[in-house]
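Novice: sequence below, structure please.
(one chain, ligands or ions: 1)
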Amino acid sequence: MNKIAIDGITKIYATSEGNKTALNNVSFQIDEGSVTVIGGENGSGKSVLMNIIAGLEKPTSGKIHSFAKAGLVFQEADTQILGETPREDISFGPKNQKKSKIQVEQAVENSLEQVGLAKKADYPARFLSGGEKRRLAVACMLAMELPVIIFDEPYANLDYGGVKQVNALVKRLHGQKKTVIILTHELEKCLGLADKFVVLFRGDKVFDGTAQEGLLQNLEQWNIRNPLNAYSKVEDLVWL
Ligand SMILES: Nc1ncnc2c1ncn2[C@@H]1O[C@H](COP(=O)(O)OP(=O)(O)OP(=O)(O)O)[C@@H](O)[C@H]1O
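Specialist: Numbers count the residues shown, from 1 in each chain. Presented below is the predicted three-dimensional model:
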């Protein structure tokens, strides 16, 4: 089976306060066609790792061995929308890939349909909601037939309906044998979708296993709340 192998990745930034180790010798593997949730508190190294997997940043040491190029859905999906409308935005990728006019049109229609944006194909892209912008970013990747899709904090600022739409899309991508990586601290929203669960803490990989195994760990030591212990009565509905 094809894999993405994250092999001894270390990333050190030189800052005015000295060297900052963002990732410390992180290794694990991701199977093609699986859903992986990478959890960790703010600053644990999730985004840096994602940028390295997607080839946007180089590690200080270590290597990524991947069977395919990865597409990234940013938390601030605004920054990755270049077209005036979803239709235009989605067309850039397949055009760059030198597809014929008909192939581009088919790829655009098909991707709009898959992410549930067909009705907003010609809507001004800047007026889409946060969740719609993320779905548009995914449509761009589908149109380019990228087999690996990484979501950075896909639930940030989304309401219940928005979260359900993102997760329906993740399930659909999984059904199409895409490889999905979700970086989040909101485990209660997605762990049930995960084939694999990885936890980063202060740049170290501290857990790598199934979601079930992960929930048996003492997650609090990594500043993560165990979602299974979270709520059973009204008094629990406060984060202290
Ligand atoms: N360009 C940079 N220069 C210096 N330090 C950096 C740089 N990029 C990231 N870092 C540091 O690396 C660490 C990991 O950052 P990263 O953005 O990966 O965290 P994260 O887990 O994605 O957090 P969040 O959930 O807040 O997005 C942080 O301490 C951050 O300050």
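
Novice: all strands of this structure, in order?
Specialist: 3-15, 18-31, 35-39, 61-66, 70-73, 148-152, 179-184, 196-201, 204-209 (DSSP state E).

Novice: and Pro59, what's its pLDDT?
Specialist: Pro59 is assigned a pLDDT of 98 by the prediction.

Novice: my guess is it meets Ile52, correct?
Specialist: Yes. Here Pro59 reaches Ile52: they are 5.2 Å apart, a contact under C-beta atoms under 8 Å. C-beta here means a position set from N, CA and C on the backbone, and glycine is covered the same way.

Novice: who touches both of the two?
Specialist: Counting by C-beta atoms under 8 Å, 6 or more residues apart in numbering, the common neighbours of Pro59 and Ile52 are 9, 11, 23.

Novice: show me the contacts for the nearest residue to Ser61 once chain neighbours are set aside.
Specialist: With C-beta to C-beta, 6 or more residues apart in numbering as the criterion, Ser61 has its nearest non-adjacent residue at 4.7 Å, and that residue is Thr10. Contact criterion C-beta under 8 Å, 6+ apart gives 21, 23-26, 59-62 as the residues in contact with Thr10.

Novice: with Asn19 instead?
Specialist: Contacts were defined as C-beta under 8 Å, 6+ apart; by that measure Asn19 touches 12-13.

Novice: ok, now with 10 Å
Specialist: When contacts are counted by C-beta atoms under 10 Å, 6 or more residues apart in numbering, Asn19 touches 12-13, 60.

Novice: report the buried members of those.
Specialist: For the contacts of Asn19, a burial check counting by 16 or more other C-beta atoms under 10 Å picks out Thr60.

Novice: looking at the contacts of Asn19, which is nearest the ligand?
Specialist: Looking at the contacts of Asn19 and their distance to the ligand, the nearest is Tyr13, at 3.4 Å (C-beta to the nearest ligand atom).

Novice: what's the local residue count around the closest residue to that closest one other than its chain neighbours?
Specialist: Spatial nearest neighbour of Tyr13, chain neighbours left out: Lys20 (4.6 Å); criterion: C-beta to C-beta, 6+ apart. A count of neighbours around Lys20, defined by other C-beta atoms under 10 Å, yields 11.

Novice: can you start the count at 28 instead of 1 from here on
Specialist: All set: I'll call the first residue 28, so the last point we hit is now Lys47.

Novice: ok, Lys47 - contacts?
Specialist: Taking C-beta under 10 Å, 6+ apart as the definition of contact, the neighbours of Lys47 are 38-41, 230.
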